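Chemist: compute the structure for the input listed below.
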Amino acid sequence: MRPVRSADKNTVVDVPRFAAFFKDNRSLSTNFYSYEPAHGHGLPHDPFNAIIGPRPIGWISSISAGGVLNLAPYSFFNAFNYTPPIIGFSSSGFKDSVRNVQETGEFVWNLATRDLAEEMNSTAASVGPEVSEFELAGLTPVASSLVKPSRVGKARVAMECRVADVVQLKSAAGEMVRSWLVLGEVVMVHIDTSLLKNGIYDTAGAHPILRAGGPTAYVEVRQDAMFDMVRPK
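Modeler: Below you'll find the model as predicted:
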């Protein structure tokens, strides 16, 4: 058998080697494919991101000490606390967003929605710190209320944050990893009033998009995908 290309079109997958890896590393149960990440996954594409999904997008705007606006999407993002509200994103590599929040102590999270998908994707481009992704994506920045970084004018929800902590991640063995977790306290929230139905935020109505696996997959939250459950008392 000849090698084939993986889903990301860049990695050549050696099919015979993959078959051998599968035979040697699968679980005793033939219903599971098991592997130790430290020894490689042996698959055409790392399944980790696809399994932990879909993942909310941290569309983060920040500003450098010199006043250059930055806008970048992070797929390692979530909320971590109610009171005070704390959200966070993790950056693989010390990127402009991390440097900016360390310099200024502030950032803004902007909601990525289906109508802004192309613009959001444009801000993922690898450009120098002197380039503002707002201009690159043709987005208009709007002044925030309490922090210096601007928010995305077209974003239907935005949260202004002050940095609570910046932590470089480490392995279970204590070895430092080249990833940084940024946690921020939300100090101001902006919501498009059309998304408030009888005072309740309409998640599906905003059509948020989330990362959903491989190198290119996304998913949109729609009303037909929603269902309700009451939490047990």
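
Chemist: what residue is smack in the middle of this protein?
Modeler: Central residue of the chain (Cα atoms, centre = their mean): residue 75, 1.7 Å from the mean position.

Chemist: for residue 47, see how far away residue 40 is.
Modeler: When distance is defined by Cβ to Cβ, to the nearest Å, residue 40 is 12 Å away from residue 47. Yep, even glycine has a C-beta here, placed from its N, CA and C like the rest.

Chemist: ok, now residue 64?
Modeler: The gap separating residue 64 from residue 47 is 36 Å, by Cβ to Cβ.

Chemist: more neighbours: which of the two?
Modeler: Neighbour count, other Cβ atoms under 10 Å: between residue 64 and residue 47, residue 64 has more, with 17 against 14.

Chemist: grab the nearest non-local neighbour of that one.
Modeler: Nearest non-adjacent residue to residue 64, counting by Cβ to Cβ, 6 or more residues apart in numbering: residue 100, 5.1 Å away.

Chemist: quick one, what contacts residue 139?
Modeler: Neighbouring residues of residue 139 by Cβ atoms under 8 Å, 6 or more residues apart in numbering: 71, 119, 123, 133, 152, 153, 154.

Chemist: output the lowest mean pLDDT helix or strand found in this structure.
Modeler: Here the helix or strand of the chain ranked lowest by mean pLDDT, DSSP states H and E is strand 4-5, holding a mean of 38.

Chemist: low-scoring stretches of this protein, by residue?
Modeler: In the predicted model of the chain, residues 1-29 satisfy pLDDT under 70.

Chemist: who does the longest strand along the chain pair up with?
Modeler: Determined from DSSP state E, the single longest strand within the chain is strand 176-191. The strands beside strand 176-191 in its sheet (DSSP bridges) come out as strand 86-92 (antiparallel), strand 157-170 (antiparallel).

Chemist: quick one: the first one to chain centroid distance?
Modeler: To tie it back to what came earlier, the one meant is strand 86-92. Going by Cα atoms, centre = their mean, to the nearest Å, the spacing between the C-alpha centre of strand 86-92 and its chain's C-alpha centre is 8 Å.

Chemist: can you give me phi and psi for residue 192?
Modeler: Per-residue torsions, residue 192: phi -60, psi 120 (degrees, to the nearest 10).

Chemist: tell me how many other residues surround the residue nearest to it when sequence neighbours are not counted.
Modeler: Leaving aside its sequence neighbours, residue 192 sits nearest to residue 156 (Cβ to Cβ, 6+ apart; 4.0 Å). By other Cβ under 10 Å, 20 other residues sit near residue 156.

Chemist: these two touch, right, residue 105 and residue 162?
Modeler: Yes - under the criterion of Cβ atoms under 8 Å, residue 105 makes contact with residue 162 at 6.1 Å.

Chemist: one step back: show the contacting residues for the residue nearest to the centre of the chain.
Modeler: Residue 75 is in contact with 49, 55, 57, 58, 211, counting by Cβ under 8 Å, 6+ apart.

Chemist: make CSV out of those and add distance to residue 198.
Modeler: Output for the contacts of residue 75, formatted as CSV (distance: Cβ to Cβ, whole Å):
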residue, distance to residue 198
49, 37
55, 29
57, 27
58, 29
211, 31
